[in-house]
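A.B. asks: Predicted model and sequence below, questions to follow.
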Amino acid sequence: MFIWKAILNCLPTRQNLCKRKVLYDPLCGICGLEVETVNHVLWSCGAAADVWADSESPVQKWAKTEGNFMETWIRLSEKMGTGELELVATIMRNIGSRRNSFVFEGKFQGPSVLYKQAQDCLSRMREAKMELGNRREGGNVQRDMGRWRKPRVGWVKVNWDASLNPELKRMGMRIMVRDENGELLLYLCNSIVGIFTPAAAEIQVLWRALQLCADLQWLNVIFEGDALGII
Ligand SMILES: [Zn+2]
């Protein structure tokens, strides 16, 4: 999702904020040397280049040129396997968050912290995928899919559900977005602590699903869940 927004140039870079007249200085908030475009923040800024030059980086020797982020991403996707590309995408998201922490809170993390966070995040994602695979084998999703009907042409369908562990006050959420052919466009699985009631859990998931669709500018969306009270 982050890369999608980056390619669509939907991130609040200084260049984009200047276009909307929120700011008047488009220069990078970290180095102050170049216009802060998406490609500059995530790829060519000296601060990003330090991260990419790290010994753990799969793009250690690559040239970090200014330019269009979509071209950078195409080059990366042509040369890398899925595992490396997932790492690069996650690091890019972390570079984006680090830039925000620096600009708004004056905090700055080194490359090794960013790699550690990215590895943790990826292993959590793989665990979630494995859990989904296990559920499929258990038949739950198959049964769901049996009842599931495709949305009409040009629409996407969001299926959402929540589970709650009242003792731990922890909820789990699952959001799936599929297109008119039944292809999975997005799968989100997450947990949140501090939730006390099933209704609050359901609202959390639906709200997250609404935010996701707004962020991705999906307008023709059907939301389908089984919490009738909330619906
Ligand atoms: Zn810079």
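C.D. replies: Perfect, I can see it now.
A.B. asks: how many other residues sit next to residue 110?
C.D. replies: Neighbours of residue 110 under the rule other CB atoms under 10 Å: 11. Glycine gets a C-beta too; all of them are placed from N, C-alpha and C.
A.B. asks: Can you report phi and psi for it?
C.D. replies: phi -80, psi 170 (degrees, to the nearest 10).
A.B. asks: Distance of it relative to residue 94?
C.D. replies: Residue 110 sits 12 Å away from residue 94, going by CB to CB, to the nearest Å.
A.B. asks: between the two, what contacts are shared?
C.D. replies: Counting by CB atoms under 8 Å, 6 or more residues apart in numbering, no residue touches both residue 110 and residue 94.
A.B. asks: I'd like to know which helix or strand in this protein has the lowest mean pLDDT.
C.D. replies: Using mean pLDDT, DSSP states H and E, the weakest-scoring helix or strand in the chain turns out to be helix 140-147, at a mean of 55.
A.B. asks: Would you mind identifying the next helix or strand past it?
C.D. replies: strand 156-165 (DSSP states H and E).
A.B. asks: In which helix or strand does residue 192 reside?
C.D. replies: With DSSP H and E as criterion, residue 192 is part of strand 184-193.
A.B. asks: Name the residues that touch whichever strand or helix holds residue 206?
C.D. replies: Using DSSP H and E, residue 206 maps to helix 198-215. Helix 198-215 is touched from outside by 1, 5, 10, 156, 158, 160-164, 171, 173-175, 177, 186, 188, 190, 192, 195, 221, 223, 225, 227, 229-230, with contacts defined as CB under 8 Å, 6+ apart.
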